[in-house]
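Colleague: Model the following, please.
(one chain, ligands or ions: 1)
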Amino acid sequence: MLRKFNSLVKATAVASCLVAPMLSSFAHAEKWDMPMAYSNTNYHTQNAKLFAEAVKVATQGKLDIVVHGGGSLFGGKEIKRAVQTGQAQIGERLLSAHANENAVYGFDSVPFLASSFDDSVKLWNAAKPELEKVMSKDNLVLLYSVPWPGQGLYFKKAVESKADAKGVKFRSYNAATARLSELMGMQPVQVEAAELSQALATGVVASMISSGSTGYDKKVWEELTHFYDVNAWLPRNYIFVNKDAWDGLDKSTQSIVKGMAMLAEQSGTARAQQLSDWYISQLAANGMTVQAAKGQLLTDLQEIGKTMTSEWQKAAGDTATAIISNFQK
Ligand code: PCA
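Modeller: From the prediction side, this is the model:
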């Protein structure tokens with residue numbers, strides 16, 4: 001499967017090479033650093049590496065994007081600032097991690113607003129123009145975005161309702177997950193994915209909400225025992241460029257990068273969808289009890305979802321109204 005995906009990107013890169021305007025062989029090669037926060041083996045990182053390779057081939061080496069996965073160049077928390085200030089030219093970050101700067105960044109973490117891949121794509125297209133407005137004020141140009149699979153709850157014990165989760169230390173990754181844990185009566189602790197295994201092993205946290213993907217990457221079955229599939233939302237990673245670096249590219253290079261970004265968004269999204277059930281099967285294969293959230297737990301989560309939806313709408317104001325009405329069209 002991955003080989004097919006790989007050759008699709010390569011073939012497209014080669015094809016656009018043929019149609020790309022002739023580039024001067026004396027052109028100065030530009031090197032961009034691309035920090036990413038998640039594991040090198042994760043599909044987001046692998047997808048970005050294919051994107052970088054496709055850009056290199058299609059620009060005939062004129063633009064060389066060097067991917068630094070696993071938080072090796074900048075940690076998750078530092079990536080947006082690093083790109084804004086030009087310490088790195090391009091980067092990837094969890095979009096909703098910036099919801100505390102501007103609530104618009106949190107559109108993808110509103111519980112139960114878009115809980116399938118199709119709806120996630122629809123919501124993304126509805127939100128993109130609003131997001132680009134906010135990003136341009138931050139000196140950033142949007143390239144592409146790929147979702148994580150649906151989010152589910154992980155625990156060290158069976159949890160059938162909000163009451164069962166009371167007081168448990170909960171790993172949050174953005175404002176919405178911290179708020180969800182407060183509303184569940186749990187204790188939120190913000191932990192980056194890169195530090196998750198250690199936080200679980202040392203008892204800093206004993207539960208979380210995330211996808212099967214991160215559960216698998218971090219082998220959380222070594223510490224956690226129960227997974228409740230909720231599909232509460234599909235958070236996104238997004239890839240962005242420093243605007244000055246972008247403006248420094250010639251028009252033909254820009255259009256190649258945009259084209260490859262569109263392809264990367266589609267192939268990355270397809271890959272997430274293909275892997276979604278497989279990740280969850282791996283949690284079960286490694287001994288976790290895996291089930292859909294149901295009964296009182298689901299009722300409690302839906303109630304919390306309503307509260308969080310109205311809180312987000314209030315925080316994002318007219319922009320939230322615009323995004324939701326575009327989405328529901
Ligand atoms: N994995 C990332 C964000 C959402 C997800 O599924 C994480 O847990 O950090």
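
Colleague: check which helix or strand covers Val241.
Modeller: Per DSSP states H and E: Val241 is located in strand 236-242.

Colleague: what packs against that strand?
Modeller: Applying 3 or more C-beta pairs under 8 Å, 6 or more residues apart in numbering; DSSP states H and E, one finds that strand 236-242 contacts helix 43-58, helix 76-84, strand 90-94, helix 117-137, strand 140-147. The way it works is simple: take the backbone N, C-alpha and C, and place the C-beta from them, glycine included.

Colleague: same for the next helix or strand after it, what does it pack against?
Modeller: Of the helices and strands lying after strand 236-242 in sequence (DSSP H and E), the nearest is helix 243-247. Applying 3+ C-beta pairs under 8 Å, 6+ apart, one finds that helix 243-247 makes contact with strand 140-147.

Colleague: what does the stretch 51-200 of the chain have sitting close to the ligand?
Modeller: When proximity is defined by C-beta under 6 Å from any ligand atom, the stretch 51-200 of the chain lies next to the ligand at Leu94, Trp148, Tyr173, Ala193.

Colleague: Go again with 8 Å.
Modeller: Gly76, Leu94, Trp148, Pro149, Gln151, Arg171, Tyr173, Glu192, Ala193, Leu196 (C-beta under 8 Å from any ligand atom).

Colleague: does the third one really touch Gly215, like I thought?
Modeller: To tie it back to what came earlier, the one meant is Trp148. No. The pair Trp148 and Gly215 fails to qualify as a contact (C-beta atoms under 8 Å) at a distance of 11.0 Å.

Colleague: Is Ile90 bridged to anything, and to what?
Modeller: Ile90 has these beta-bridge partners by DSSP bridges: Val241.

Colleague: Asn174 versus that one, what's the distance?
Modeller: According to C-beta to C-beta, to the nearest Å, Ile90 and Asn174 sit 22 Å apart.

Colleague: same question, Lys62
Modeller: Taking C-beta to C-beta, one finds Lys62 at 36 Å from Asn174.

Colleague: do Met288 as well
Modeller: Distance, Met288 to Asn174, by C-beta to C-beta: 24 Å.

Colleague: now Gly152
Modeller: Look at Gly152 and Asn174: by C-beta to C-beta, they are 16 Å apart.

Colleague: And the two? Which one has more around it.
Modeller: Using other C-beta atoms under 10 Å as the criterion, Gly152 and Asn174 rank with Gly152 on top: 24 against 21.

Colleague: list the contacts for the residue in the stretch 151-300 of the chain that the ligand sits nearest to?
Modeller: The stretch 151-300 of the chain approaches the ligand most closely through Ser211 (3.1 Å), counting by C-beta to the nearest ligand atom. By C-beta atoms under 8 Å, 6 or more residues apart in numbering, the contact set of Ser211 is Trp148, Pro149, Gly150, Gln151, Gly152, Ser276, Tyr279.

Colleague: Closest one to Phe327 out of the residues you listed, please.
Modeller: Among the contacts of Ser211, Gly150 lies closest to Phe327 (C-beta to C-beta), at 17.1 Å.

Colleague: what's the neighbour count on that closest one?
Modeller: 22.

Colleague: Tell me which residues touch it, please.
Modeller: Residues near Gly150 by C-beta under 8 Å, 6+ apart: Ser115, Ser116, Ser211, Asp229, Val230, Asn231, Ala232, Trp233, Leu234, Ser276.

Colleague: As a markdown table, those residues with secondary structure and pLDDT would be great.
Modeller: As requested, those are exported to a markdown table (DSSP: H, G, I helix; E, B strand; the rest coil; pLDDT from 0 to 100):
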| residue | secondary structure | pLDDT |
| --- | --- | --- |
| Ser115 | coil | 96 |
| Ser116 | coil | 97 |
| Ser211 | coil | 98 |
| Asp229 | strand | 97 |
| Val230 | coil | 97 |
| Asn231 | coil | 94 |
| Ala232 | coil | 94 |
| Trp233 | coil | 98 |
| Leu234 | coil | 98 |
| Ser276 | helix | 98 |
